[in-house]
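Student: Fold the following for me, if possible:
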Amino acid sequence: MQTVVFVNAVRGRYYTELARSDYYENGGESPGQWHFNEASFAFGLHGTVEKEVIEQIFDGYHPRTGQPLAQNHGKEDRRAAIDICFSVPKDVSVLWAAADDAERRRIERAFEKAVAEALNYLSDNFGYTRKGHGGYDREKVDLLIAMFIHRQSRSQDPQVHAHCIVMNTALRRSDGEYSTIDAGPLLATRKLGGAVFRSALARELGIPIEPDRFAFRVPGVPDGLSEYWSSRAREIERAAKERGLGGARVKQQIALETRRVKDERPLVEMKEEWRETARRHGFTAAHVEAIFRERRPVLTPDQTAKLIDAAVETTINRLTSQQAHFSKIELVRDVGVFCTTHPKGIVRPHATELTS
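Tutor: Prediction:
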């Protein structure tokens, strides 16, 4: 799943306030990490996100020089960043919660690689700024991104997700000046970015999966356990029904309005509680190990090319039967979804190669 929301300078501090280096023992969430790319290199940022550094950027100043990065620097209500949140399918969070430390780390590595691939794809294809009189000229830029990985929902259910904070500043190659990013292209990727992320995650996990209404599910994970750990989703669904409304954007707004302060219980404490809950549903670390022993076949390059061709043909036929026209974003998104859960096996190329 993927959501995209704007973050002002005050709201941005939510992520740094949650982060703690001792999150396992004393609660909170883990410190953020800078996504390494040309933008982070240009700003001299790498590794752990320092609170003072990122809050300088939220406020519209260069963290090293103090140089203003925008005309509205220092204003609390300035549009400081865009939060792109990637969340694994619930079955994957269930696997992570019930697993032993080795398998849990394996899932986390797959997740981190999938997020990095999705971020590279979005930055490479949708990172832009505007310049010139009236901002009519668009220039390609690399996106500066801080990634905060969280492991539980506000209802204290296991939920592995990453808040990827795209800073609203970029360094233009053409003149060496700083400017705000063009949010339009990123907002158009609400579903595409999620499809790229899930495709990469499925490939990195390498286990059997099945298509699901929202993403994919993992055979062998009890439906009752996944449903039990979806309390936050049920809360939002109930609120939407009470208002007589529906749709992803409405639910996203309800999620923001009903957001509660996280109970910062130590992760080590939650891990034991989650494992006990999983055991009551007949699901243990041994079951997780068994699921990971069964690997999905990896397709050869020739098989991959044929599968992508079939996916493109199937997707075009479906889209043209439903609507008069469609965008490249819709085509790439649906081809990615088709290939992610195809029963023949794992597409060998990275998800970004589906767009070539």
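
Student: Point out where the stretch 51-200 of the chain drops to low pLDDT.
Tutor: 132-135 (pLDDT under 70).

Student: Quick one: the helices in it, in order.
Tutor: 51-58, 90-98, 101-126, 183-187, 192-205 (DSSP state H, counting those that start in this stretch).

Student: would CSV of these with mean neighbour count and distance to V332 be doable?
Tutor: All C-beta spots, glycine's among them, are computed from the backbone N, C-alpha and C. Conversion of those to CSV gives the following (neighbours: other Cβ atoms under 10 Å; distance: least, Cβ to Cβ, whole Å):
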stretch, mean neighbour count, distance to V332
helix 51-58, 19, 31
helix 90-98, 26, 23
helix 101-126, 19, 9
helix 183-187, 15, 14
helix 192-205, 26, 6
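
Student: Let me have the ones you listed in TSV, adding distance to H287 as columns.
Tutor: Putting the helices of the stretch 51-200 of the chain into TSV (distance: least, Cβ to Cβ, whole Å) gives the following:
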stretch	distance to H287
helix 51-58	40
helix 90-98	7
helix 101-126	10
helix 183-187	39
helix 192-205	15
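
Student: Mind jotting down where the helices sit in the stretch 251-356 of the chain?
Tutor: For the stretch 251-356 of the chain, the helices defined by DSSP H, counting those that start in this stretch occupy 267-280, 285-293, 301-322, 328-340.

Student: out of the ones you listed, which comes closest to R79?
Tutor: Nearest to R79, of all the helices of the stretch 251-356 of the chain, is helix 328-340, at 23.0 Å by Cβ to Cβ.

Student: For E227, find the nearest of the helices of the stretch 51-200 of the chain.
Tutor: That would be helix 90-98 among the helices of the stretch 51-200 of the chain, by Cβ to Cβ, at 8.3 Å.

Student: The closest one vs helix 285-293, what angle?
Tutor: Helix 90-98 and helix 285-293 are oriented at 130 degrees to each other (axes from the mean of the first three to the mean of the last three Cα atoms, to 10 degrees).

Student: Only alpha carbons, please: show helix 90-98 as PDB.
Tutor: These are the backbone C-alpha positions of helix 90-98, laid out as PDB (Å, rounded to 0.1, in the frame of the first residue of the first chain):
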ATOM      1  CA  LYS A  90      -1.000  -7.500   6.500                       C
ATOM      2  CA  ASP A  91       0.100 -11.100   5.900                       C
ATOM      3  CA  VAL A  92       3.700 -10.000   5.700                       C
ATOM      4  CA  SER A  93       3.400  -8.100   9.000                       C
ATOM      5  CA  VAL A  94       1.900 -11.300  10.500                       C
ATOM      6  CA  LEU A  95       5.000 -13.300   9.300                       C
ATOM      7  CA  TRP A  96       7.300 -10.600  10.800                       C
ATOM      8  CA  ALA A  97       5.500 -10.600  14.200                       C
ATOM      9  CA  ALA A  98       5.500 -14.400  14.600                       C
END
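
Student: If you count contacts, what does that helix end up packed against?
Tutor: helix 101-126, strand 158-167, helix 223-228, helix 267-280, helix 285-293 (3 or more Cβ pairs under 8 Å, 6 or more residues apart in numbering; DSSP states H and E).

Student: Could you export the ones you listed as a markdown table, including distance to R203?
Tutor: Formatted as a markdown table, the helices and strands packed on helix 90-98 follow (distance: least, Cβ to Cβ, whole Å):
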| stretch | distance to R203 |
| --- | --- |
| helix 101-126 | 8 |
| strand 158-167 | 17 |
| helix 223-228 | 22 |
| helix 267-280 | 26 |
| helix 285-293 | 14 |
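
Student: quick one, which of these is nearest to V5?
Tutor: Taking the helices and strands packed on helix 90-98 one by one with Cβ to Cβ, strand 158-167 is closest: 9.7 Å.

Student: Go through the helices of the stretch 251-356 of the chain and find the least confident stretch.
Tutor: Mean pLDDT across the helices of the stretch 251-356 of the chain is lowest at helix 328-340; the value there is a mean of 82.

Student: C-alpha coordinates for it, CSV please?
Tutor: Only the C-alpha atoms of helix 328-340 are listed here, as CSV (Å, rounded to 0.1, in the frame of the first residue of the first chain):
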residue,chain,number,x,y,z
LYS,A,328,1.1,5.4,-19.0
ILE,A,329,1.0,5.4,-15.2
GLU,A,330,-2.1,3.3,-15.3
LEU,A,331,-0.5,0.8,-17.7
VAL,A,332,2.7,0.5,-15.8
ARG,A,333,0.9,0.1,-12.5
ASP,A,334,-1.4,-2.7,-13.7
VAL,A,335,1.4,-4.5,-15.6
GLY,A,336,3.3,-4.5,-12.3
VAL,A,337,0.4,-5.9,-10.4
PHE,A,338,-0.1,-8.6,-13.0
CYS,A,339,3.5,-9.7,-12.8
THR,A,340,3.7,-9.5,-9.0
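
Student: That one to helix 101-126, inter-axis angle?
Tutor: 150 degrees.

Student: Now do the buried residues in helix 328-340.
Tutor: 329, 331-340 (16 or more other Cβ atoms under 10 Å).

Student: Let me know the closest of the residues you listed to P68.
Tutor: Looking across those and measuring by Cβ to Cβ, the closest to P68 is I329, at 34.1 Å.

Student: How about that closest one, nearest residue that isn't a chain neighbour?
Tutor: L192 (5.0 Å; Cβ to Cβ, 6 or more residues apart in numbering).

Student: residues in contact with the one you found?
Tutor: Neighbouring residues of L192 by Cβ atoms under 8 Å, 6 or more residues apart in numbering: 329, 332-333, 336.

Student: any idea how far it is from L122?
Tutor: From L192 across to L122, the span is 8 Å (Cβ to Cβ, to the nearest Å).
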